[in-house]
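*Asks:* Sequence unavailable; structure follows:
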Ligand code: ADP
(Lines give C-alpha, C1' and ligand atoms only; values in the text may rest on other atoms or scores of the structure.)
Protein backbone atom coordinates (compact mmCIF):
# COMPACT_ATOMS: atom_id res chain seq x y z
CA UNK A 1 0.00 0.00 0.00
CA UNK A 2 1.29 3.47 -0.84
CA UNK A 3 1.47 6.14 1.87
CA UNK A 4 0.91 8.88 -0.70
CA UNK A 5 -2.41 10.61 -0.48
CA UNK A 6 -4.42 10.76 -3.70
CA UNK A 7 -6.03 14.01 -4.79
CA UNK A 8 -8.45 14.33 -7.68
CA UNK A 9 -8.91 17.73 -9.34
CA UNK A 10 -12.09 18.07 -11.43
CA UNK A 11 -12.12 21.32 -13.40
CA UNK A 12 -12.93 22.20 -17.00
CA UNK A 13 -10.17 24.89 -17.06
CA UNK A 14 -6.93 23.34 -18.25
CA UNK A 15 -4.81 26.03 -16.57
CA UNK A 16 -6.32 25.22 -13.14
CA UNK A 17 -5.84 21.46 -13.61
CA UNK A 18 -2.21 21.94 -14.65
CA UNK A 19 -1.28 24.34 -11.87
CA UNK A 20 -2.95 22.16 -9.22
CA UNK A 21 -1.12 19.11 -10.53
CA UNK A 22 2.23 20.92 -10.44
CA UNK A 23 1.79 22.29 -6.92
CA UNK A 24 0.36 19.12 -5.41
CA UNK A 25 2.80 16.72 -7.07
CA UNK A 26 5.67 18.87 -5.81
CA UNK A 27 4.19 18.63 -2.31
CA UNK A 28 4.32 14.83 -2.48
CA UNK A 29 0.69 14.10 -3.36
CA UNK A 30 -0.47 11.71 -6.03
CA UNK A 31 -2.51 14.07 -8.20
CA UNK A 32 -5.09 13.04 -10.81
CA UNK A 33 -7.22 15.33 -12.96
CA UNK A 34 -10.55 15.11 -14.77
CA UNK A 35 -12.00 17.53 -17.31
CA UNK A 36 -15.68 17.31 -16.35
CA UNK A 37 -18.19 15.86 -13.87
CA UNK A 38 -18.74 12.58 -15.70
CA UNK A 39 -15.02 11.82 -15.95
CA UNK A 40 -14.60 13.00 -12.34
CA UNK A 41 -17.21 10.53 -11.08
CA UNK A 42 -15.67 7.72 -13.08
CA UNK A 43 -12.20 8.47 -11.65
CA UNK A 44 -13.56 8.70 -8.11
CA UNK A 45 -14.62 5.06 -8.43
CA UNK A 46 -11.33 4.08 -10.04
CA UNK A 47 -8.72 5.75 -7.85
CA UNK A 48 -10.67 6.29 -4.59
CA UNK A 49 -9.04 9.68 -3.83
CA UNK A 50 -8.68 11.05 -0.30
CA UNK A 51 -9.54 14.62 -1.30
CA UNK A 52 -11.59 15.85 -4.24
CA UNK A 53 -11.04 19.40 -5.57
CA UNK A 54 -14.20 20.13 -7.48
CA UNK A 55 -15.06 23.06 -9.70
CA UNK A 56 -18.68 24.08 -9.18
CA UNK A 57 -19.30 25.76 -12.55
CA UNK A 58 -18.72 23.18 -15.27
CA UNK A 59 -20.62 22.52 -18.48
CA UNK A 60 -22.74 19.36 -18.42
CA UNK A 61 -22.81 17.77 -14.98
CA UNK A 62 -22.03 20.59 -12.54
CA UNK A 63 -20.06 20.34 -9.29
CA UNK A 64 -23.12 20.19 -7.02
CA UNK A 65 -24.44 17.16 -8.90
CA UNK A 66 -21.06 15.41 -8.71
CA UNK A 67 -20.91 16.23 -4.99
CA UNK A 68 -24.40 14.75 -4.41
CA UNK A 69 -23.39 11.50 -6.09
CA UNK A 70 -19.96 11.01 -4.47
CA UNK A 71 -21.36 11.73 -1.01
CA UNK A 72 -23.58 8.66 -1.41
CA UNK A 73 -20.88 6.30 -2.69
CA UNK A 74 -17.73 7.62 -0.94
CA UNK A 75 -18.67 8.77 2.59
CA UNK A 76 -15.02 9.31 3.63
CA UNK A 77 -14.05 11.38 0.62
CA UNK A 78 -13.37 14.99 1.59
CA UNK A 79 -14.61 17.44 -1.00
CA UNK A 80 -13.30 21.00 -1.45
CA UNK A 81 -15.19 23.08 -4.00
CA UNK A 82 -13.40 25.55 -6.24
CA UNK A 83 -15.43 28.70 -6.86
CA UNK A 84 -15.19 32.03 -8.59
CA UNK A 85 -15.89 35.11 -6.40
CA UNK A 86 -19.19 35.55 -8.19
CA UNK A 87 -20.35 32.09 -7.17
CA UNK A 88 -19.83 32.35 -3.42
CA UNK A 89 -23.53 31.58 -2.90
CA UNK A 90 -23.20 28.23 -4.64
CA UNK A 91 -20.17 27.55 -2.43
CA UNK A 92 -22.48 27.97 0.55
CA UNK A 93 -24.95 25.57 -1.11
CA UNK A 94 -22.11 23.10 -1.62
CA UNK A 95 -21.14 23.34 2.08
CA UNK A 96 -24.76 22.62 2.97
CA UNK A 97 -24.64 19.62 0.62
CA UNK A 98 -21.64 18.21 2.50
CA UNK A 99 -18.53 19.91 1.04
CA UNK A 100 -15.75 20.27 3.62
CA UNK A 101 -14.51 23.70 2.50
CA UNK A 102 -14.25 25.99 -0.52
CA UNK A 103 -11.36 27.59 -2.38
CA UNK A 104 -12.12 30.85 -4.19
CA UNK A 105 -10.43 31.51 -7.55
CA UNK A 106 -7.82 32.80 -8.08
CA UNK A 107 -5.82 31.02 -5.38
CA UNK A 108 -2.11 30.91 -4.59
CA UNK A 109 -0.06 27.69 -4.31
CA UNK A 110 0.13 28.23 -0.54
CA UNK A 111 -3.65 28.54 -0.25
CA UNK A 112 -4.06 25.36 -2.29
CA UNK A 113 -1.53 23.43 -0.16
CA UNK A 114 -3.11 24.66 3.07
CA UNK A 115 -6.62 23.61 2.12
CA UNK A 116 -5.50 20.22 0.77
CA UNK A 117 -3.48 19.52 3.95
CA UNK A 118 -6.56 20.30 6.03
CA UNK A 119 -8.66 18.09 3.77
CA UNK A 120 -6.21 15.21 4.27
CA UNK A 121 -6.38 15.68 8.07
CA UNK A 122 -10.17 15.59 7.86
CA UNK A 123 -10.02 12.43 5.72
CA UNK A 124 -7.77 10.70 8.28
CA UNK A 125 -10.14 11.76 11.06
CA UNK A 126 -13.16 10.37 9.21
CA UNK A 127 -11.35 7.07 8.60
CA UNK A 128 -10.33 6.81 12.26
CA UNK A 129 -13.87 7.58 13.44
CA UNK A 130 -15.28 4.90 11.13
CA UNK A 131 -12.71 2.36 12.36
CA UNK A 132 -13.53 3.20 16.01
CA UNK A 133 -17.24 2.88 15.30
CA UNK A 134 -16.65 -0.52 13.72
CA UNK A 135 -14.55 -1.61 16.69
CA UNK A 136 -17.24 -0.42 19.11
CA UNK A 137 -19.89 -2.40 17.21
CA UNK A 138 -17.63 -5.49 17.23
CA UNK A 139 -17.08 -5.17 21.00
CA UNK A 140 -20.80 -4.71 21.53
CA UNK A 141 -21.60 -7.87 19.58
CA UNK A 142 -18.89 -9.69 21.53
CA UNK A 143 -20.38 -8.64 24.88
CA UNK A 144 -23.87 -9.56 23.72
CA UNK A 145 -22.58 -13.05 22.92
CA UNK A 146 -20.77 -13.33 26.26
CA UNK A 147 -23.75 -12.11 28.27
CA UNK A 148 -26.24 -14.22 26.34
CA UNK A 149 -24.31 -17.47 26.34
CA UNK A 150 -21.82 -17.42 29.19
CA UNK A 151 -24.00 -15.66 31.76
CA UNK A 152 -27.65 -16.04 30.88
CA UNK A 153 -27.70 -19.69 29.83
CA UNK A 154 -26.10 -21.13 33.03
CA UNK A 155 -28.27 -18.87 35.21
CA UNK A 156 -31.39 -20.09 33.39
CA UNK A 157 -30.29 -23.66 34.05
CA UNK A 158 -29.84 -22.97 37.78
CA UNK A 159 -33.28 -21.33 37.84
CA UNK A 160 -34.83 -24.39 36.20
CA UNK A 161 -33.29 -26.66 38.87
CA UNK A 162 -34.64 -24.33 41.55
CA UNK A 163 -38.09 -24.42 39.93
CA UNK A 164 -38.01 -28.23 40.12
CA UNK A 165 -36.99 -28.26 43.79
CA UNK A 166 -39.40 -25.46 44.83
CA UNK A 167 -42.20 -27.16 42.85
CA UNK A 168 -41.53 -30.28 45.03
CA UNK A 169 -40.92 -32.32 41.88
CA UNK A 170 -37.89 -33.89 43.57
CA UNK A 171 -39.71 -34.57 46.83
CA UNK A 172 -40.53 -32.60 49.96
CA UNK A 173 -38.12 -29.99 51.37
CA UNK A 174 -38.17 -28.54 54.84
CA UNK A 175 -39.63 -25.11 55.51
CA UNK A 176 -36.36 -23.28 56.19
CA UNK A 177 -34.75 -24.64 53.03
CA UNK A 178 -37.84 -23.65 51.04
CA UNK A 179 -37.70 -20.11 52.39
CA UNK A 180 -34.01 -19.73 51.64
CA UNK A 181 -34.36 -21.22 48.17
CA UNK A 182 -37.39 -18.97 47.54
CA UNK A 183 -35.25 -15.91 48.34
CA UNK A 184 -32.43 -17.12 46.09
CA UNK A 185 -34.96 -17.82 43.33
CA UNK A 186 -36.30 -14.23 43.58
CA UNK A 187 -32.80 -12.76 43.37
CA UNK A 188 -31.97 -14.94 40.39
CA UNK A 189 -35.18 -13.92 38.62
CA UNK A 190 -34.30 -10.24 39.15
CA UNK A 191 -30.83 -10.85 37.73
CA UNK A 192 -32.24 -12.65 34.68
CA UNK A 193 -34.65 -9.74 34.12
CA UNK A 194 -31.72 -7.30 34.13
CA UNK A 195 -29.85 -9.49 31.64
CA UNK A 196 -32.94 -9.80 29.40
CA UNK A 197 -33.49 -6.02 29.45
CA UNK A 198 -29.81 -5.30 28.94
CA UNK A 199 -29.70 -7.64 25.94
CA UNK A 200 -32.81 -6.01 24.53
CA UNK A 201 -31.24 -2.56 24.95
CA UNK A 202 -27.95 -3.65 23.36
CA UNK A 203 -29.75 -5.26 20.42
CA UNK A 204 -32.08 -2.31 19.89
CA UNK A 205 -30.30 -0.47 17.17
CA UNK A 206 -32.21 2.61 16.02
CA UNK A 207 -30.72 2.19 12.53
CA UNK A 208 -31.91 -1.43 12.29
CA UNK A 209 -35.43 -0.46 13.37
CA UNK A 210 -35.51 2.36 10.84
CA UNK A 211 -34.48 -0.17 8.17
CA UNK A 212 -37.32 -2.54 9.10
CA UNK A 213 -40.21 -0.08 9.16
CA UNK A 214 -43.41 -0.92 7.29
CA UNK A 215 -47.00 0.33 7.32
CA UNK A 216 -48.37 -0.93 10.63
CA UNK A 217 -51.67 -0.53 12.49
CA UNK A 218 -51.31 0.33 16.15
CA UNK A 219 -54.50 -1.28 17.49
CA UNK A 220 -53.38 -4.93 17.01
CA UNK A 221 -50.14 -4.04 18.84
CA UNK A 222 -52.03 -2.44 21.75
CA UNK A 223 -54.51 -5.34 21.85
CA UNK A 224 -51.68 -7.85 22.20
CA UNK A 225 -50.04 -5.79 24.95
CA UNK A 226 -53.37 -5.64 26.82
CA UNK A 227 -53.94 -9.40 26.40
CA UNK A 228 -50.47 -10.22 27.71
CA UNK A 229 -50.62 -7.81 30.65
CA UNK A 230 -54.25 -8.38 31.75
CA UNK A 231 -53.27 -11.15 34.24
CA UNK A 232 -50.63 -8.83 35.74
CA UNK A 233 -53.24 -6.04 36.09
CA UNK A 234 -55.73 -8.49 37.69
CA UNK A 235 -53.05 -9.61 40.09
CA UNK A 236 -52.42 -5.98 41.15
CA UNK A 237 -56.14 -5.13 41.32
CA UNK A 238 -55.74 -2.52 38.57
CA UNK A 239 -58.29 -1.91 35.79
CA UNK A 240 -56.69 -1.90 32.33
CA UNK A 241 -58.62 -0.34 29.44
CA UNK A 242 -57.64 0.21 25.82
CA UNK A 243 -59.81 2.80 24.06
CA UNK A 244 -60.72 1.44 20.63
CA UNK A 245 -59.99 4.37 18.33
CA UNK A 246 -57.98 4.81 15.15
CA UNK A 247 -58.54 1.33 13.75
CA UNK A 248 -57.37 2.59 10.35
CA UNK A 249 -54.43 4.74 11.44
CA UNK A 250 -51.20 3.50 9.86
CA UNK A 251 -47.73 4.32 11.06
CA UNK A 252 -44.36 3.47 9.60
CA UNK A 253 -43.52 0.96 12.29
CA UNK A 254 -41.85 -2.21 13.46
CA UNK A 255 -44.65 -4.09 15.21
CA UNK A 256 -42.51 -6.21 17.56
CA UNK A 257 -40.48 -3.21 18.74
CA UNK A 258 -43.64 -1.15 19.25
CA UNK A 259 -45.00 -3.99 21.34
CA UNK A 260 -41.89 -3.71 23.54
CA UNK A 261 -42.50 0.06 23.89
CA UNK A 262 -46.13 -0.26 25.01
CA UNK A 263 -45.47 -3.35 27.10
CA UNK A 264 -42.90 -1.38 29.08
CA UNK A 265 -45.13 1.67 29.48
CA UNK A 266 -48.27 -0.29 30.38
CA UNK A 267 -46.48 -2.66 32.77
CA UNK A 268 -44.92 0.38 34.51
CA UNK A 269 -48.38 2.00 34.70
CA UNK A 270 -49.67 -1.17 36.39
CA UNK A 271 -46.79 -1.83 38.75
CA UNK A 272 -46.42 1.79 39.95
CA UNK A 273 -50.21 2.03 40.47
CA UNK A 274 -52.33 1.74 43.62
CA UNK A 275 -54.89 -0.97 44.47
CA UNK A 276 -58.16 -0.31 42.60
CA UNK A 277 -56.31 2.11 40.35
CA UNK A 278 -56.65 2.25 36.57
CA UNK A 279 -54.58 2.35 33.40
CA UNK A 280 -56.09 3.80 30.24
CA UNK A 281 -54.41 3.61 26.85
CA UNK A 282 -55.81 6.04 24.33
CA UNK A 283 -54.69 6.93 20.83
CA UNK A 284 -55.41 9.82 18.56
CA UNK A 285 -54.49 10.11 14.90
CA UNK A 286 -54.32 13.61 13.45
CA UNK A 287 -52.22 15.82 11.20
CA UNK A 288 -49.66 13.18 10.27
CA UNK A 289 -49.04 12.05 13.83
CA UNK A 290 -50.29 9.17 15.93
CA UNK A 291 -50.41 10.06 19.61
CA UNK A 292 -50.71 7.23 22.14
CA UNK A 293 -51.26 8.10 25.79
CA UNK A 294 -50.70 5.64 28.64
CA UNK A 295 -52.40 7.19 31.66
CA UNK A 296 -52.27 5.79 35.20
CA UNK A 297 -53.56 6.68 38.65
CA UNK A 298 -50.38 5.59 40.39
CA UNK A 299 -47.72 6.96 42.73
CA UNK A 300 -46.41 9.49 40.20
CA UNK A 301 -42.80 10.56 39.70
CA UNK A 302 -41.11 13.23 41.87
CA UNK A 303 -40.45 16.40 39.85
CA UNK A 304 -36.71 16.45 40.56
CA UNK A 305 -36.33 12.83 39.34
CA UNK A 306 -38.13 13.42 36.02
CA UNK A 307 -35.03 14.48 34.02
CA UNK A 308 -33.35 11.13 34.72
CA UNK A 309 -36.04 8.51 34.17
CA UNK A 310 -34.99 7.70 30.57
CA UNK A 311 -31.37 7.04 31.61
CA UNK A 312 -29.96 3.50 31.70
CA UNK A 313 -30.46 1.77 35.08
CA UNK A 314 -32.16 4.80 36.68
CA UNK A 315 -34.85 3.97 39.25
CA UNK A 316 -36.66 6.36 41.61
CA UNK A 317 -35.62 5.38 45.11
CA UNK A 318 -38.33 5.96 47.68
CA UNK A 319 -40.32 4.10 50.29
CA UNK A 320 -43.07 3.61 47.70
CA UNK A 321 -40.82 2.05 45.05
CA UNK A 322 -38.52 0.02 47.33
CA UNK A 323 -40.59 -3.15 47.07
CA UNK A 324 -41.41 -2.83 43.35
CA UNK A 325 -39.07 -4.94 41.19
CA UNK A 326 -37.47 -3.42 38.09
CA UNK A 327 -34.23 -2.99 36.20
CA UNK A 328 -34.24 0.72 35.37
CA UNK A 329 -33.79 -0.15 31.68
CA UNK A 330 -37.40 -0.17 30.45
CA UNK A 331 -37.66 3.53 29.61
CA UNK A 332 -34.22 3.63 27.94
CA UNK A 333 -35.43 0.85 25.66
CA UNK A 334 -38.66 2.80 25.01
CA UNK A 335 -36.70 5.95 24.12
CA UNK A 336 -34.35 4.10 21.77
CA UNK A 337 -37.15 2.34 19.89
CA UNK A 338 -39.25 5.50 19.59
CA UNK A 339 -36.16 7.34 18.24
CA UNK A 340 -35.78 4.54 15.68
CA UNK A 341 -39.33 5.35 14.54
CA UNK A 342 -38.50 9.07 14.19
CA UNK A 343 -40.99 9.72 16.98
CA UNK A 344 -40.81 11.20 20.47
CA UNK A 345 -41.96 10.38 23.97
CA UNK A 346 -43.09 12.79 26.69
CA UNK A 347 -44.08 12.39 30.30
CA UNK A 348 -46.24 14.35 32.72
CA UNK A 349 -46.66 13.31 36.30
CA UNK A 350 -48.07 14.47 39.62
CA UNK A 351 -46.82 12.74 42.73
CA UNK A 352 -49.59 10.79 44.41
CA UNK A 353 -51.95 11.39 41.49
CA UNK A 354 -50.61 9.57 38.47
CA UNK A 355 -48.52 9.69 35.33
CA UNK A 356 -49.14 10.08 31.60
CA UNK A 357 -46.60 8.86 29.06
CA UNK A 358 -47.33 10.10 25.52
CA UNK A 359 -45.71 8.57 22.44
CA UNK A 360 -45.82 10.47 19.14
CA UNK A 361 -45.21 8.55 15.90
CA UNK A 362 -45.37 9.84 12.31
CA UNK A 363 -48.22 8.29 10.28
CA UNK A 364 -48.19 6.92 6.73
CA UNK A 365 -50.49 8.45 4.18
CA UNK A 366 -52.80 5.91 2.55
CA UNK A 367 -54.01 6.86 -0.90
CA UNK A 368 -57.61 6.24 -1.89
CA UNK A 369 -58.25 2.64 -2.98
CA UNK A 370 -55.03 1.47 -1.32
CA UNK A 371 -55.44 -0.97 1.53
CA UNK A 372 -52.66 -2.38 3.60
CA UNK A 373 -52.96 -5.01 6.24
CA UNK A 374 -50.92 -4.93 9.40
CA UNK A 375 -48.35 -7.68 9.26
CA UNK A 376 -49.09 -10.34 11.85
CA UNK A 377 -46.35 -10.57 14.39
CA UNK A 378 -45.42 -13.63 16.36
CA UNK A 379 -46.37 -14.41 19.89
CA UNK A 380 -43.29 -13.13 21.70
CA UNK A 381 -42.22 -13.15 25.02
CA UNK A 382 -41.39 -11.88 28.38
CA UNK A 383 -42.89 -11.20 31.74
CA UNK A 384 -43.81 -7.64 32.73
CA UNK A 385 -40.79 -5.34 32.89
P1 LIG B 1 -38.02 -0.03 35.97
O2 LIG B 1 -37.59 -1.37 35.50
O3 LIG B 1 -37.38 0.38 37.26
O4 LIG B 1 -39.50 0.12 36.00
P5 LIG B 1 -37.97 1.98 33.86
O6 LIG B 1 -36.80 2.42 33.04
O7 LIG B 1 -39.13 1.38 33.16
O8 LIG B 1 -37.37 0.99 34.93
O9 LIG B 1 -38.46 3.25 34.69
C10 LIG B 1 -37.51 4.06 35.38
C11 LIG B 1 -38.12 4.59 36.65
O12 LIG B 1 -39.13 5.56 36.35
C13 LIG B 1 -38.81 3.54 37.49
O14 LIG B 1 -37.91 2.89 38.36
C15 LIG B 1 -39.85 4.36 38.25
O16 LIG B 1 -39.27 4.92 39.39
C17 LIG B 1 -40.19 5.49 37.28
N18 LIG B 1 -41.45 5.20 36.54
C19 LIG B 1 -41.58 4.75 35.28
N20 LIG B 1 -42.87 4.66 34.92
C21 LIG B 1 -43.59 5.09 35.98
C22 LIG B 1 -45.00 5.26 36.23
N23 LIG B 1 -45.91 4.96 35.30
N24 LIG B 1 -45.37 5.73 37.45
C25 LIG B 1 -44.45 6.05 38.38
N26 LIG B 1 -43.11 5.90 38.20
C27 LIG B 1 -42.68 5.44 37.02
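*Replies:* Great, that's in hand. Everything numeric in this text was worked out from a predicted model, so none of it was measured.

*Asks:* From now on I want contacts and neighbour counts done on CA atoms only, so please keep to that.
*Replies:* Will do.

*Asks:* Go through the residues of the stretch 151-300 of the chain and report the one nearest to the ligand.
*Replies:* With Cα to the nearest ligand atom, the shortest gap between the stretch 151-300 of the chain and the ligand falls at residue 269, namely 3.9 Å.

*Asks:* list the contacts for that residue?
*Replies:* By Cα atoms under 8 Å, 6 or more residues apart in numbering, the residues touching residue 269 are 279, 294-296, 298, 355.

*Asks:* same question for the strand or helix carrying it, mean pLDDT?
*Replies:* Element membership for residue 269 (DSSP states H and E) is helix 255-271. Here helix 255-271 scores 95 as its mean pLDDT.

*Asks:* cool, and stretch 315-332?
*Replies:* Averaged across stretch 315-332, the pLDDT comes to 90.

*Asks:* does the ligand sit close to it?
*Replies:* Yes - Stretch 315-332 reaches the ligand (Cα under 6 Å from any ligand atom) through 315-316, 326-332.

*Asks:* Helices - which of the residues you listed land there?
*Replies:* 330-332 (DSSP state H).

*Asks:* Can you name the next helix or strand after the helix holding residue 269?
*Replies:* Once the chain leaves helix 255-271, the next helix or strand it forms, by DSSP H and E, is strand 278-286.

*Asks:* Need the three-state assignment for the nearest residue to residue 320 once chain neighbours are set aside.
*Replies:* Nearest residue to residue 320, sequence neighbours excluded (Cα to Cα, 6 or more residues apart in numbering): residue 299, at 7.6 Å. Assigned with DSSP: H, G, I helix; E, B strand; the rest coil, residue 299 falls in the coil class.

*Asks:* Check the secondary structure at the closest residue to residue 103 other than its chain neighbours for me.
*Replies:* Excluding the flanking residues, the one nearest residue 103 by Cα to Cα, 6+ apart is residue 82, at 4.8 Å. Here residue 82 is recorded as strand under three-state DSSP.

*Asks:* Point out where the stretch 151-300 of the chain drops to low pLDDT.
*Replies:* Residues of the stretch 151-300 of the chain meeting the criterion pLDDT under 70: 205-208, 210-211, 246.

*Asks:* got a list of what residue 47 touches?
*Replies:* residue 6.

*Asks:* so how far is the ligand from it?
*Replies:* 50 Å (Cα to the nearest ligand atom, to the nearest Å).

*Asks:* A helix includes residue 133, no?
*Replies:* Yes - assigned with three-state DSSP, residue 133 falls within a helix.
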